[in-house]
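>>> Predicted coordinates and the sequence they were generated for:
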Amino acid sequence: MKELLNRMVKGDAYIWLVIVVLAVASLLSVYSATGFLAYQRQGGNTSHYMFWQMLSLGLGVAIMIVVSNISSRYIARFSVLFLYLSVLLLAITLFSGVNLNTATRWLTIPGIGITFQPSEIAKLAIIVYVARVLAQNQQEGVAADAAFKPIVFHVAIVALLIFSENLSTAFLVVMVSAVMMFIGRVSLKLLFGSGVVVAIFLGLTLTLASHVDFLPRAQTWANRVEVFLSSEEQSTAASYQSDQSKIAIATGGILGKGPGNSVQRNFIPHPYSDFIYAIIAEEYGFGGAFLILFCYLILLGRVSVIVRKSDRTFPAFLAYGLGLMLVSQAFLNMGVAIGVFPVTGQPLPLVSLGTTSVLFTCVAFGMILGAGRATLKEEVSEDVESSGNEEYYESEEK
Amino acid sequence: MGSNNRTILIVIAIILVGLIFIGKLFMLQVVDPSYKFSAESNTQRKLTEFAARGLIYDRNKNLVVANQATYDIMIVPREVTPFDSTKFCNLLGIDKKHLDRLFANVEYNIQRRRISTFQPSLFFKQLSAEKHTILQEHLYKFPGFFTRRRTVRKYEYPNAAHILGYVTEVNDAMIERDSYYRAGDYAGISGIENTYEKELRGEKGARYILVDVHGREKGSLRGGRMDSAAIAGKDLTISIDIDLQAYGEKIMQNKTGAIVALEPSSGEILSMVSSPTYDPSLLIGRNRSENFPVLAHDTLSPLLNRATMSSYPPGSTFKVLMALMALEEDVLDPSQRYSCIGAYYAPGVRVSCRPHYNPVNLVSSIANSCNSHFCEIFRNVIDNPKYASPSEGLSKWREYLLSYGLGERPGSDLFNETSGFLPNSYYYDRIYNNVWGSLTVLSLGIGQGEVLTTPLQMANVAATIANRGYYYTPRIIKDIEGVTIPDKFNIRHYSNVDSAHYEPVIEGMEQSILGDFGSTARIAQIPGISVCGKTGTSQNPHGENHSVFIAFAPKEDPEIAIAVFVENAGSGSSVAAPIASLIIEQYLNSEIHYTRRWVEERMLNLNINEKIAESENRVEQE
Ligand SMILES: [Zn+2]
């Protein structure tokens, strides 16, 4: 049994350390940040949300272990199916989703009554798909331009389905895909070209949306961006969030106020998700805030190690894409909290309260660990599947 | 696959972003203090401490205006949780619709960013102290609400509404004008509440408290060192004798008009009645919104202060002024006898007189109010050979009147004054196309025609005569706690008539009351008091004449000067004179002599408003 566990829970030890640190930070800060919410809604049971988060993380780690043990071959095989399934879910959500906070990002699974965000699945699916297409088109000394068309086509579908309701996730998907293509040696000319097209599309949509009311969220984006851009220090309702977040970080100081001593949790909207980083900075000071940021940098570093050591392209692209996605998302969240980016609704991966986010983050970590495990194994013994292997994928395509 | 240059590029880029973040974190947490200070605003709540308005006493130190507590209900929108709205409505004494309106209002203001969802703002105004006591016990069931104590006025007497004025919430224009005010503050809008607003309002204070996330008070900020206590407004003493005021209002009930009584030696207003009036308590607090429109739409205009805002022809009371200026101009010999033939005849003109002994001298023509003699006197003033034209004569005439304070605002500390009207020669040039003489404007000599005066102005004329030639600007203020009253109230204004000329005129005024048959105001005789007065009947083209009387008493060392105007009451001797005499008697003797009870009875029961309403009905029916 212990043997089995040992064999299952392998993979990069540093990444495991990162996961443990983030999970502990999550439980501490969620407990602190939800005190008020729990007091109001759960009849004084202040640990309600922390227990829920603990369950999510536990389930997530289990899923992570299972996923890390799935061979990348299977992941690659099901990537297309996975992608189309998520596109279907996105389409359903867009037209019938639960309207939460005026964003129809949520889908209720009939019968179970659990709401979740299909954009989280789609985010993973598109990265797996991009990794796969890039891997198939890697040839020594040749630009991987053949991968460009299918990738752009599918990324566009996903991004279009997401963007009207969740601009920041769409942005992350497009950006990570673009960086993956950049790494995957798609020629710069094509990348720049599509960049220009995307910019024109965004510009047109936003201009149009301010005149026609076909994008219900456009007004909210405009407001958020507007408030961020105006540097006046007046505490209007909309700049309120970021001001309160900055106050939290500033009053945390070097040493922090100590666990559970956040004052600003009472004044920041969604202190347990969008602004959880501010609460961490407030309670654990500069050191705590630095540690969390450093965790994500370590993750990126370890992913780079995996990529460098891996001599198979698909796991490498997969790990790199997922790592990039997690780190970008984390940076977006932290950037909002410290006031570098305008207010968006990205959770801090593995830390913010939210089952959907935690579970799919764990799936991503599982795949990264799996890729790492494969390379580690190869380090130990070059026995299995040692042929390094574009050809392998070509054959699998049939 | 190994790493290529592009991978390294991306990793470097991300590490750079990480470094920027760390730099920004370091700035926020270690270097830049600005956000550390603004943190306090979250947990601190500034509570305005409202100052109690100054109290108002009458000249005998009776408390006239005090304060009473009411409670405003405040809301912190973010902290409101679903609650039992039926219960809440019952506690406030409002219906569900009203509550919905209040919430709609809060939402509207939040959308307009007029109020913050995190800071308290006014939800419901002026809950009575009784309701507040009950609400207080249940308030814990309604998170996000708390109450704030305010004071509103409490009137100890149902009188003197026009003098006192009222207090209400400031409007946007006032906030704009005076930075002291914030929305929701109270200020005096009319009367002395307005004139002495700066003295009465005091100084608001502030209290800073710390609250937890549930809105519970957690002590004061920095041990209360930033708090400032409210400073109560200054108490005022007004010159009104509240008992006399109440008496005057009682006697003026069911009549329309005004009484102004002054102390000649100071210009202090002893009583100022404008009838119909209203109970000032009607305009306090929540009742105000109900009662104000009713008062404002009343056809008898109870909100109008007739004592200062209505102008009437002075009628024959004006004759005393004509006599004084004629004496000063030396166109009248007091001993000269004049024979009245029942009317004044001149080419194309006939001014009828009333029956009286003949012939008359100055004293008896004042006592008998002989129109003929005063037409003569007026013509002598206007056509004085000293002056080249009637136009110049009229200018002189006007100059004398101005020196008695007619034709201009008296400049008192009353809230609203009108100037009345004195015609000048340009006025007649326009009307008569430059062709006019003393005969054209003859009616001026007997106080009819274009001259318009307010009751306050005529009371001031009475005071000037009482003083034998000077007056003080009328005022309502007697004393302000710790402040000297404005200098302008201590200046003697002399009339252009020498004090020696007053005696025959005063003699005539005395005889109008003490004289034989034909004297106009015998009803104003008060046992033991020598009253000097002059009746007037002010012609009113719209209906029955207005009854007018001016007087002062006692003759030597006068203590009271008075003007009474009663609209549509007929001759001056029938209503205004008895009313004035009652006020004088009440003020000087504090009671009405038993031989005069019938006069008091008759004036109290006289209902002119009803008579007029009846005759109007008759006209309508015909
Ligand atoms: Zn006569």
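All right, it came through fine.

>>> Any buried residues in stretch B:61-69, and which?
Residues of stretch B:61-69 classed as buried: B:Val64, B:Val65, B:Asn67 (neighbour count, 16 or more other CB atoms under 10 Å in any protein chain shown). Yep, even glycine has a C-beta here, placed from its N, CA and C like the rest.

>>> for chain A, which spans come out with low pLDDT?
Low-confidence segments of chain A (pLDDT under 70): A:1-10, A:35-46, A:96-116, A:140-141, A:209-240, A:374-398.

>>> immediately after the longest helix anywhere in chain A, which helix or strand?
As assigned by DSSP state H, the longest helix anywhere in chain A is helix A:276-309. The element immediately downstream of helix A:276-309 (helix or strand, assigned by DSSP states H and E) is helix A:313-337.

>>> Checking B:Ile550 next. Helix, strand or coil?
With DSSP: H, G, I helix; E, B strand; the rest coil as the basis, B:Ile550 sits in strand.

>>> An error on my part: the question was meant for B:Gly536.
Here B:Gly536 is recorded as strand under three-state DSSP.

>>> Roughly how far does it sit from the ion?
15 Å (CB to the ion, to the nearest Å).

>>> Can you name the helix or strand that whatever residue of the stretch 101-250 of chain A ends up closest to chain B falls in?
Closest residue of the stretch 101-250 of chain A to chain B, CB to the nearest CB: A:Ala250 (3.6 Å). Under the criterion of DSSP H and E, A:Ala250 resides in helix A:237-252.

>>> the domain parsing of chain A - what is it?
For chain A, automatic domain parsing gives the domain ranges A:1-69+A:256-398, A:72-229.

>>> The residue of the stretch 101-250 of chain A closest to chain B: neighbouring residues, count only.
27 (other CB atoms under 10 Å in any protein chain shown).

>>> show me what contacts the spatially most central residue of chain A?
Centroid check for chain A by CA atoms, centre = their mean gives A:Leu326 as the closest residue, at 4.3 Å. For A:Leu326, the contact set (CB atoms under 8 Å, 6 or more residues apart in numbering or on different chains) comprises A:Tyr296, A:Leu299, A:Pro349, A:Thr361, A:Ala364, A:Phe365.

>>> Repeat that for A:Asp12.
A:Arg302, A:Val305, A:Ile306, A:Leu369, A:Gly372, A:Arg373, A:Leu376.

>>> Helices of the stretch 151-300 of chain A, start to end?
A:167-183, A:188-209, A:218-229, A:237-252, A:276-309 (DSSP state H, counting those that start in this stretch).

>>> out of those helices, nearest to A:Ala319?
helix A:276-309 (4.9 Å; CB to CB).

>>> Name the residues of the closest one that are buried.
Buried-residue list, helix A:276-309, by 16+ other CB under 10 Å: A:276-286, A:288-290, A:292-293, A:295-297, A:299-309.

>>> Are it and chain B in contact anywhere?
Yes - judged by CB under 8 Å from any CB of the partner chain, helix A:276-309 comes into contact with chain B at A:281, A:285-286, A:289-290, A:293, A:296-297, A:300-301, A:304, A:307-308.

>>> would you list every one of the strands in the stretch 251-400 of chain B?
Along the stretch 251-400 of chain B, counting by DSSP state E, counting those that start in this stretch, strands occupy B:257-263, B:268-275, B:343-346, B:349-352.

>>> Go through these and pick out the most buried.
Most buried of these by mean neighbour count (mean count of other CB atoms under 10 Å in any protein chain shown) is strand B:257-263; its value is a mean of 29.

>>> Could you list every helix and strand that that strand packs against?
For strand B:257-263, the elements it packs on are helix B:242-251, strand B:268-275, helix B:306-309, helix B:455-466, strand B:560-566, helix B:576-589, judged by 3 or more CB pairs under 8 Å, 6 or more residues apart in numbering or on different chains; DSSP states H and E.

>>> Pick the most deeply packed of these.
Of the helices and strands packed on strand B:257-263, strand B:560-566 is the most buried (mean count of other CB under 10 Å), at a mean of 32.

>>> Mind giving me the packing neighbours of the longest helix of chain A?
Secondary elements touching helix A:276-309 (3+ CB pairs under 8 Å, 6+ apart): helix A:13-33, helix A:237-252, helix A:313-337, helix A:355-380, helix B:5-26.

>>> Out of the strands of the stretch 251-400 of chain B, which gets nearest to B:Ile485?
Going by CB to CB, the one of those nearest B:Ile485 is strand B:268-275, 10.3 Å.

>>> Which of the helices and strands packed on helix A:276-309 has the highest mean neighbour count?
helix A:313-337 (a mean of 26).

>>> Okay, B:Ser365 and B:Ala346: tell me how far apart.
The gap separating B:Ser365 from B:Ala346 is 17 Å, by CB to CB, to the nearest Å.

>>> Now do B:Gln336: how many residues are near it, please.
11.

>>> I'd like the distance between it and B:Asn361.
Taking CB to CB, one finds B:Gln336 at 7 Å from B:Asn361.

>>> hmm, back to that, what's the closest of the helices of the stretch 151-300 of chain A to A:Gly339?
Closest among those, using CB to CB: helix A:237-252, at 5.2 Å.

>>> Just list what the closest one packs against, helices and strands only.
Against helix A:237-252 (3+ CB pairs under 8 Å, 6+ apart) you get helix A:218-229, helix A:276-309, helix A:313-337, helix B:34-38.

>>> please redo it, this time with the cut-off set to 10 Å
Packed against helix A:237-252 by the contact rule (3 or more CB pairs under 10 Å, 6 or more residues apart in numbering or on different chains; DSSP states H and E) you find helix A:218-229, helix A:276-309, helix A:313-337, helix B:5-26, helix B:34-38, helix B:40-43.

>>> how far does stretch B:269-280 stretch from start to finish?
End-to-end distance of stretch B:269-280 (CA to CA, to the nearest Å): 19 Å.

>>> could you give me the average pLDDT of that stretch?
Summarised as a single mean, pLDDT over stretch B:269-280 is 95.

>>> Same check on stretch B:544-553?
On average, stretch B:544-553 scores 94.

>>> Go through that stretch and flag the buried ones.
Result for stretch B:544-553 [16+ other CB under 10 Å]: buried residues B:Asn545, B:His546, B:Ser547, B:Val548, B:Phe549, B:Ile550, B:Ala551, B:Phe552, B:Ala553.

>>> Spatially, which two of those are the most separated?
Going by CB to CB, the pair spanning the buried residues of stretch B:544-553 furthest: B:Asn545 and B:Ala553, at 25.1 Å.

>>> Make a markdown table from the helices and strands packed on strand B:257-263 and add distance to B:His162 to it.
Shown next, in a markdown table, are those (distance: least, CB to CB, whole Å):
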| stretch | distance to B:His162 |
| --- | --- |
| helix B:242-251 | 10 |
| strand B:268-275 | 5 |
| helix B:306-309 | 7 |
| helix B:455-466 | 12 |
| strand B:560-566 | 14 |
| helix B:576-589 | 16 |
